[in-house]
Structure formats: structure tokens, C-alpha cells
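Student: any chance you could fold what I've pasted below:
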Amino acid sequence: MIMECFPNKTVSIIIVTAGAKDYLWLLLDSVRKQTYPCFEIIVIDNSLNPRLKQEINKGYPEVKLYSNSENLFYCQALNQGIDISSGDFILCLNDDVVLSREFIKEALGAFNINQNIGMVSGKILRRDAKIIDSTGLFLSPWRTARERGYGSSDKGQYQKEEYIFAVNGAVAFYRRKMLEAVKIGGDYFDGDYRIFYEDLDIAWRAQNLGWKGYYTPWAIAYHARGATVRSEGGGDKPFARRYLNDNLHCGLIRNRYLTFIKNESCLDFLLHLPFIFFYDLAVWCYILFFKPCIIKMSVINFDYLKRAFNKRRLIRKKKELKGGF
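Tutor: Take a look at the predicted model:
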């Protein structure tokens with residue numbers, strides 16, 4: 001159900017692309033068809049392909065295009081886009097997403113429910129419009145992001161608007177005030193992450209500062225899960241780590257540890273330690289038998305750890321100084 005939106009509030013749509021396949025054009029076409037009129041489109045191009053720049057400028061002249069001379073990866077590219085954006089609300093998109101016509105209008109209505117809502121998720125389906133990709137993220141006992149409804153058939157079981165813990169990074173809608181509140185140094189998203197866990201990390205920071213996540217089933221998007229980072233044939237498949245190259249796999253492991261180092265309370269860490277232990281035991285057994293070369297690569301760099309603990313102190317200080325909304 002569409003609620004009264006924010007009149008004349010600009011939405012900044014930030015798309016990060018590596019130019020894989022033809023996904024970007026489908027997304028830009030769906031953005032053009034949005035019924036909400038006040039938005040800007042910012043594309044951060046990590047493809048290093050000059051032809052892509054020419055095609056965007058020719059076919060989509062309304063796009064504000066920024067082509068990087070090196071691949072900044074997802075988190076740093078999003079930070080770049082947010083820095084140059086002007087919107088009161090920020091919609092961060094993977095390039096393998098397609099939006100329904102009412103997506104922005106419906107999602108903005110959810111922000112209007114409560115001023116403490118800093119992030120909104122719609123119903124994200126797979127490209128076949130039958131299988132659920134995500135209806136919001138929740139923090140699992142083993143301290144990973146649990147995608148509600150992931151891989152199940154859409155039978156209308158998630159048609160209730162409700163609070164959630166986090167939003168999926170492929171279609172992540174944020175209130176700018178929240179992003180500014182959780183910013184650490186110059187980063188909204190943690191630049192050490194590159195990709196993976198950035199959505200859980202920023203939401204966990206926000207939750208620690210009193211912000212909330214919200215789900216509305218009326219804002220619908222379609223996602224080709226893993227299309228831009230997994231090996232050929234790995235899209236939409238379960239157990240994603242099987243289809244990641246070694247560098248991405250290492251990032252997946254490292255970022256999970258960095259996320260709960262920065263955000264977890266000592267008490268909650270102790271309470272969940274048995275779950276964490278058995279989850280990690282299973283992960284490292286899989287790596288030992290199927291990808292042993294990752295063991296050496298996955299040793300967490302002490303610089304990453306040092307920065308994570310420094311950021312934890314800054315987050316705790318923000319929480320202590322928070323005076324409400």
C-alpha cells in the first residue's frame with residue numbers, strides 16, 4: 001500500500017557496475033520507468049572499459065557517470081557515489097537488479113512510518129518472479145546475515161510490513177541522516193571490506209545507534225543473485241562460496257570476523273560463542289578439504305584487525321554520545 005511520500009525529496013540512485021553481461025541496461029530502463037519523479041541516477045563504473053562509458057553517455061544522457069581508473073570494488077564505489085550525491089534518500093543498487101515501476105514510491109512510504117527508520121527493504125525476487133531472494137536480513141546466531149525467505153517460493157507468506165534487522169546490499173535503501181550518523185572517518189561503508197558483509201555491517205552499526213530497518217512487500221525488485229561475482233553457472237545457486245574465486249572467498253571470511261569485532265557486545269559474543277565455534281568449524285573443514293590454498297590467504301592481516309578495533313571504539317563512542325533522534 002502506498003503511503004504519503006516525501007514531496008519534492010530527491011532520491012539518489014547509486015549503481016555500481018563492473019560491466020558484466022547486459023544487466024546494467026535492464027536496470028537503467030527500469031529506473032527510467034519509476035513513477036516517483038524526483039531522483040538522480042549516479043553510475044560508478046568500475047569496468048575499466050571505455051566503450052561502456054560511451055554507451056551509457058549515448059543511451060542514457062541523464063545519468064551522472066563516474067568512470068574510475070581502477071576497480072574500487074563495491075564499498076569504496078558506493079562511498080564515492082554517496083559523497084557526490086544530493087538526495088535525502090540513497091538507493092544503492094547492484095547492476096544485476098531490476099525495479100518494479102512503483103519501487104521507489106512504495107519504499108519511501110515505508111520511511112514515513114517512523115523517523116527512526118533508516119533503511120528499507122522491499123520484496124526482492126529472483127528474475128523468474130517466483131522465487132524469493134530476500135525479504136530482509138536478520139542476524140543469525142552464528143553471526144552471519146540470514147536472508148529471510150531465501151530460495152523459497154513466493155506464496156504470499158511475506159506480505160506483512162514489519163521491522164527487520166538489515167536490508168540486502170543488492171537493493172539497499174537508506175535515509176541520508178542515518179548514513180551520516182553511522183559514518184566512520186570518511187567511510188559510510190567500510191572501505192576495508194571491498195564486497196560482502198557490508199550490508200550487515202552498516203545495519204549493525206545503525207542498530208547500535210538506535211536506527212531501525214523496515215520491510216514493505218509492496219516495493220518489489222528482481223535480482224540475479226551472484227551474477228556479477230560468482231563463476232559461470234553459480235548464479236542463484238545455494239552455498240555461494242563454492243562459486244567464488246579465492247580472493248573473494250578470503251574477503252567473505254575476513255569480513256565476517258571484522259563485522260562482529262566492530263559491532264558485537266562482549267556479552268552477546270559470549271552467549272553466541274558455541275554457535276560461532278561450530279559454524280567456523282564447518283567452514284574451515286570445507287576449506288581444508290576443498291580449497292586448502294585459502295588457509296594461508298585467509299589469515300587476517302593485523303592491520304585489518306587493528307583498524308577494526310579502532311572502529312569499534314569509535315562506534316562505541318558514538319553510541320555513548322548519542323542524544324536521540
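
Student: Ile276: neighbouring residues, count only.
Tutor: Ile276 has 18 neighbours, counted by other Cβ atoms under 10 Å. C-beta: built from backbone N, CA, C; applies to glycine.

Student: next structured bit after the host helix or strand of it?
Tutor: Using DSSP states H and E, Ile276 falls within helix 266-290. For helix 266-290, the following helix or strand on the C-terminal side (DSSP H and E) is helix 293-297.

Student: which of the residues in the following helix or strand past that next one are buried?
Tutor: The helix or strand immediately downstream of helix 293-297 is helix 302-321, counting by DSSP H and E. Neighbour counts over helix 302-321 (16 or more other Cβ atoms under 10 Å) mark 304, 307-308, 311-312, 315, 318 as buried.

Student: farthest from the middle of this structure: give me that residue.
Tutor: Distance to the chain centre peaks in the chain at Phe289, reaching 30.4 Å (criterion: Cα atoms, centre = their mean).

Student: tell me the contacts of that residue?
Tutor: Counting by Cβ atoms under 8 Å, 6 or more residues apart in numbering, Phe289 makes contact with nothing.

Student: state the distance from it to Gly186.
Tutor: 41 Å (Cβ to Cβ, to the nearest Å).

Student: quick one, strands of the stretch 101-250 of the chain?
Tutor: Taking DSSP state E, counting those that start in this stretch to define them, one finds strands in the stretch 101-250 of the chain at 117-126, 132-134, 137-139, 145-147, 162-164, 171-175, 212-223.

Student: looking at those, which is nearest to Ser47?
Tutor: With Cβ to Cβ, the closest approach to Ser47 among the strands of the stretch 101-250 of the chain belongs to strand 212-223: 19.8 Å.

Student: same for the closest one, what does it pack against?
Tutor: strand 97-99, helix 103-111, strand 117-126, strand 162-164, helix 198-208 (3 or more Cβ pairs under 8 Å, 6 or more residues apart in numbering; DSSP states H and E).

Student: the residue farthest from the centre of the chain and Ile295, how far apart?
Tutor: Distance of Phe289 to Ile295, given as Cβ to Cβ: 11 Å.

Student: cool, and Ser12?
Tutor: 41 Å.

Student: neighbour count: these two, which is higher?
Tutor: Comparing Ser12 with Ile295 by other Cβ under 10 Å, the one with more neighbours is Ser12, at 22 against 12.
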